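Undergrad: structure, please.
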Amino acid sequence: MQTTPLSPDDPTEIGGFELLGRIGQGGMGQVYLGESPGGEAAAVKVIKPMVVDSTARLRFAQEIDILKTVWGARVAQFLDADAEAEQPWLATEYVEGPDLGRFVTTHGPLPALLVPALGATLAEGLAYVHRQGLLHRDLKPANILLGPNGPKIIDFGLAVFAESNVSLTAANTVVGTPSCMPPEQANGEKPLTGAVDVYALGTVLLYAATGHLPYHANNIHALFHMVTDPATRPDLTGAPTELLPLLTTMLAHRAEDRPALTDVVRQCRALVEAQGLKLAQARRRLTTYTSTPPQDFLLAPPAAGATPTHVPTVIDRDPAAVETMPATPPPGEAPAVPSAPTEPAPTTRLQPPPLPSDPFPGDGPAPSAPQQPEARPPRPGTRSLRHSAQARRTAQQLRDAYAARAPF
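TA: I've put the predicted structure just below:
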């Protein structure tokens, strides 16, 4: 999630959580990055004072009750809440990473291999939610966070219990995101079924693969007409050929023509295995790809006259493979770079990160992607944080001391 500084009107603490910055906002509330007294990061949603009325409190209390009920590895977990506070608030697990919409906008669509991995992961997560009797009803790219442990589903503010006809929504009002909702939801039909989330997941996967949603219009009325018109087919332009059958069925106009979530998982698995990988391998590639995008601040040239403490010599996607050397050589050594000033290299924006090789080679077929080159060892005479002579001497001293005292 991208964080911006607090404004002068923002609270600095609520419910025991220290508020550190803004994450995002919606029509009813503001979401902050918070920290518990014990140092736990949290996403803290606070209802705006101008919309705190009895209906808003009831809706917020319903969201809290649902989050207390729902569980699963793909859901941002409930931490604490108070719907009766002067400013109602809700704290959930903080997922460090961009949402899918922001990631695709910045880095482009996902590689074709990673889309079914995303589909299987989210479909399995939604299946857990459905087994608890809940429907999300507002699945969209902005509600999928790409965290360091894989994608997570957020924002259950519009979630309802399946088979429910009870709603806090005004009559003749449709809730949700029109470009991601199925025809029956756009028509205001009740009760809804799990097929609404299957359709919405189809729009998410289409967006992940192409960067666009199934319907586009200049105004909301035209968009609703396209979504609800059986003769208007979703735009699947740019989708990989192998994904078309799955996307077509997930975006079927009639709810009964869409696959169950278990079928979505099965088809996604088949697509991955057809590429010679196990699904678990593809999921790890997805997490690596989306959690370590290029960062512009790493590419900017240093400021004139600035002397960095360390100059990186090897940069690898695995933090354990990063080695650094002191910017100033030890006494008696000639500097490794010319002393004359040079023109700084222009800042360059990287393309999306390359598809990573699988970090666990022992659990299935070897990936077809080319192997990354091995890290270049440091030059003789330079010190490495991981391979310094001092570290080796210290380790040997500890081993000798232990051997001297060992009972065997």
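
Undergrad: contacting residues for residue 21?
TA: Listed by Cβ atoms under 8 Å, 6 or more residues apart in numbering, the contact partners of residue 21 are 3-6, 32-33. Every residue, glycine included, has its C-beta placed from N, CA and C.

Undergrad: where strands are concerned, which of those count?
TA: 32-33 (DSSP state E).

Undergrad: which one of the contacts of residue 21 sits closest to residue 141?
TA: residue 3 (19.4 Å; Cβ to Cβ).

Undergrad: quick one on the thing from earlier: give me the buried entries from the contacts of residue 21.
TA: Among the contacts of residue 21, the ones that count as buried by 16 or more other Cβ atoms under 10 Å are 6, 32-33.

Undergrad: domain boundaries for the chain, per the record?
TA: 1-94, 97-166+173-294 (automatic domain parsing).

Undergrad: count residues in the vicinity of residue 243, would you?
TA: Residue 243 has 23 neighbours, counted by other Cβ atoms under 10 Å.

Undergrad: and the gap between it and residue 270?
TA: 12 Å (Cβ to Cβ, to the nearest Å).

Undergrad: now residue 287
TA: For residue 287, the distance to residue 270 - Cβ to Cβ - is 21 Å.

Undergrad: so what strands line up beside the helix or strand hosting residue 92?
TA: Assigned by DSSP states H and E, residue 92 belongs to strand 89-93. In the sheet, strand 89-93 lines up against strand 41-47 (antiparallel), strand 78-82 (antiparallel) (DSSP bridges).

Undergrad: list the residues that contact the nearest residue to residue 252 once chain neighbours are set aside.
TA: In space, residue 252 comes closest to residue 258 once its chain neighbours are excluded; the distance is 5.0 Å by Cβ to Cβ, 6 or more residues apart in numbering. The neighbours of residue 258, taking Cβ under 8 Å, 6+ apart as the test, are 195, 198-199, 202, 249-252.

Undergrad: now, which of those lie within helices?
TA: 195, 198-199, 202, 249-250 (DSSP state H).

Undergrad: Throw the residues you listed into TSV and include neighbour count and pLDDT, thanks.
TA: Below are those laid out as TSV (neighbours: other Cβ atoms under 10 Å; pLDDT from 0 to 100):
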residue	neighbour count	pLDDT
195	22	98
198	25	99
199	26	99
202	27	99
249	16	99
250	29	99
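
Undergrad: any chance of the contacts of residue 21 in TSV, with pLDDT and distance to residue 100 too?
TA: Shown next, in TSV, are these (pLDDT from 0 to 100; distance: Cβ to Cβ, whole Å):
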residue	pLDDT	distance to residue 100
3	84	18
4	92	20
5	94	25
6	94	26
32	97	22
33	97	19
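
Undergrad: with the contacts of residue 21 in mind, which one is nearest to residue 51?
TA: residue 32 (16.6 Å).

Undergrad: for the closest one, what are its contacts?
TA: 6, 10, 19-23, 43-46.

Undergrad: can you do 7 Å?
TA: By Cβ atoms under 7 Å, 6 or more residues apart in numbering, the contact set of residue 32 is 19, 21-23, 44, 46.

Undergrad: which stretch among the strands paired with strand 89-93 is buried most, on average?
TA: Mean neighbour count, computed with mean count of other Cβ atoms under 10 Å, is highest for strand 41-47 among the strands paired with strand 89-93, reaching a mean of 23.

Undergrad: show residues contacting that one.
TA: By Cβ under 7 Å, 6+ apart, strand 41-47 touches 14, 17, 19, 23, 28-36, 56, 60, 79, 87-94.

Undergrad: swap in stretch 133-146?
TA: With Cβ under 7 Å, 6+ apart as the test, stretch 133-146 has contacts from 1, 66, 69-70, 95, 97-101, 103-104, 122, 126, 129, 151-156, 158-162, 176-177, 180, 185, 192, 194, 196-197, 200-201, 204, 207, 290-291.

Undergrad: kindly export that stretch (C-alpha atoms) in CSV.
TA: In CSV, the C-alpha atoms belonging to stretch 133-146 read as follows (Å, rounded to 0.1, in the frame of the first residue of the first chain):
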residue,chain,number,x,y,z
GLY,A,133,-21.8,-18.5,4.3
LEU,A,134,-20.5,-15.2,2.9
LEU,A,135,-20.4,-13.4,-0.4
HIS,A,136,-17.9,-10.6,-1.1
ARG,A,137,-19.9,-8.7,-3.7
ASP,A,138,-17.2,-6.1,-4.5
LEU,A,139,-14.2,-8.1,-5.8
LYS,A,140,-12.1,-5.8,-8.1
PRO,A,141,-8.4,-5.1,-8.8
ALA,A,142,-8.3,-2.5,-6.0
ASN,A,143,-9.4,-5.0,-3.5
ILE,A,144,-6.6,-7.5,-4.2
LEU,A,145,-3.4,-6.6,-2.3
LEU,A,146,-0.2,-8.1,-3.5
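
Undergrad: show me what counts as buried in it.
TA: Across stretch 133-146, burial judged by 16+ other Cβ under 10 Å covers 134-146.

Undergrad: fine by me, we can end here.
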